[in-house]
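S.K.: model the following, please.
(one chain, ligands or ions: 3)
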Amino acid sequence: MQKFNCSNCGHIVYFQNVHCVRCGSPLGFLPERLTMSALQPTPDNELETIGEQPLRVHYCSNSQHGVCNWLMRRGDLSGLCRACDLNRTIPNLSDNGSTAAWAALEDAKKRLIYALMRLSLPFDEEIDGKPGLKFDFVSGAMTGHADGLITVNLAEADAVERERARQLFAEPYRSLLGHLRHESGHYYWTILVDRTPHIDKFRRLFGDERIDYECALSQYRAAGPPTDWQSSYVSAYASSHPWEDWAETWAHYLHIIDAVDTAEANGITLANDQDSANRFDSYSAEAFDALIERWVPLTLALNSLSRSMGHQDFYPFVNPSAALEKMAFVHGLVQAVGKERAVRRASGWHGEQKVLPNLSNH
Ligand SMILES: [Zn+2]
Ligand SMILES: [Zn+2]
Ligand SMILES: [Zn+2]
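M.R.: Residues are numbered from 1 along each chain as shown. Ligands and ions are numbered 1, 2, ... in the order given. Next comes the predicted model:
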C-alpha cells in the first residue's frame, strides 16, 4: 500500500485513521483519488478536503459505528461508501464485541478493495451476467465463496479463535486479510478463467478442476497434503484441489504486490536493479520477474527482522518455481485486464459495458 500523509500538516497517517495525531484534522480515505485526505468544515457546515482541488465530501454512514473512514462526494445520496455498499450481512451489533469484530473485518475488506481498485479489476459491477462481490459477516458460518458472495465466520475476527484454528489446521499463517484475498480468488477465477480461452493454460498449470471438489477436499482432510507438496504448491492447502491452488496462489500474489508496494512506498528497496529515480509500482509492473526480484530479498530481510524480535516469520513460506509459474499466470491475467479497463475508463468508458475485454465467454 502507498504511504499516506495528512494533507494539512504532512504527518504520516494510516489507512484507517480518522484524525491526524499531529494537527488534529479529521481524516478520511477518498476512494476516487486512492488517497487519505484531511478535512475542514465549510462556512455552511459541510466538510471539504484540504489540498489541491478541494472536494465537498461526507463520511460513509458506517462511520457512525466506527468501522469506516471512507469519504463520499457531496451529492452522492447513497449512505454507504463503495466498499460498505458490498455488505449483505453485517454482525448483530447488540452482541458484545461485534463492533470490534466488524471493524477488523472492514479493515481487511478495505485493504482488499483498495488493491482491486489499484489493479482496475471489476468488483461492484455485473460481468457477463455474473454479480459482483458481496460480503456476509456471519457468526457460526463457514468461511467461503459462492457466486461472488464471500462469507466470513465472525470467529475469524477473534484473535484467540483464529490462532486456535491456525494450530488445529497446522497452518503457518492465518489472517482476516488472507481469508479475504483467498476467497476473492475464487470469484476472480469465475470471471477471468472459467469458460475463457485461458482455461487450457489454467489446467496445464493447476490441474483439471473438473475432478470432484467435495471428494478432493474430504481426501485432503483425511490424508493431508502429498509429502512433496512443497515442490509444487504455494501452501499445503493449495494441493487439495485446483480451485484451492488458484485461490491460494491468488492470495499470495496479492500479499506480494501489496507488501512490495508498501516497502517501496517507504523507501525499502533491496533489489539489485534498483533505480532510485523511479519508484517500482508493483500494482502495474509489466514483468513478473521484476516483482519477484524485489520480493525475495525483502522477505529474507523481514523474516530476519521478525526473528530478531522473537516473532514468527513475516512470510513463513518458500515459493517453489512451479508455484511462481502459476503466480506469473495470475499476474499476466490481472495486468492484461486491469490495464485494458484503465485505458477504456480514461477514454471515457464509464462502466456501462458489462463485458471484460478479451475475456468474453466462448
Ligand atoms: Zn495533520
Ligand atoms: Zn464505508
Ligand atoms: Zn478456497
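
S.K.: so how far is A259 from K109?
M.R.: 18 Å (CB to CB, to the nearest Å). The C-beta positions use only the backbone N, C-alpha and C, and glycine is treated the same way.

S.K.: K134 too?
M.R.: 27 Å.

S.K.: got it, and L205?
M.R.: On the measure of CB to CB, L205 and A259 end up 23 Å apart.

S.K.: what does D158 give?
M.R.: 25 Å.

S.K.: with Y283 instead?
M.R.: The value you get for Y283 to A259, if CB to CB is used, is 12 Å.

S.K.: got it, and A238?
M.R.: 19 Å.

S.K.: of those two, which one has the most company?
M.R.: A238 (25 against 19; other CB atoms under 10 Å).

S.K.: correct me if wrong: that one contacts Q230.
M.R.: No: counting by CB atoms under 8 Å, A238 sits too far from Q230 to count as a contact (10.5 Å).

S.K.: which residues touch the residue nearest to P54 when sequence neighbours are not counted?
M.R.: Spatial nearest neighbour of P54, excluding adjacent residues (CB to CB, 6 or more residues apart in numbering): E48 at 5.0 Å. Residues near E48 by CB atoms under 8 Å, 6 or more residues apart in numbering: 39-42, 54-57.

S.K.: in three-state terms, label E48 for me.
M.R.: Secondary structure for E48, judged by DSSP: H, G, I helix; E, B strand; the rest coil, is strand.

S.K.: beta partners for it?
M.R.: Q40, R56 (DSSP bridges).

S.K.: and for A322, nearest residue in space, chain neighbours not counted?
M.R.: S232 (4.6 Å).

S.K.: report how many residues lie close to P43.
M.R.: Neighbours around P43, by other CB under 10 Å: 6.

S.K.: surely W250 touches L180?
M.R.: No: taking contacts as CB under 8 Å, W250 lies outside contact range of L180: 11.2 Å.

S.K.: so is stretch 171-183 next to ligand 3?
M.R.: No: Stretch 171-183 is not in contact with ligand 3 by CB under 5 Å from the ion; minimum separation 5.5 Å.

S.K.: now do stretch 145-159
M.R.: No: among the residues of stretch 145-159, none lie within reach of ligand 3 under CB under 5 Å from the ion; the closest is 6.7 Å away.

S.K.: next, the buried residues of that stretch.
M.R.: Using 16 or more other CB atoms under 10 Å as the test for burial, stretch 145-159 gives 145, 148-158.

S.K.: picking up where we left off before, so what's the residue nearest to A322 up against?
M.R.: Contacts of S232 by CB under 8 Å, 6+ apart are 239, 320, 322-323.
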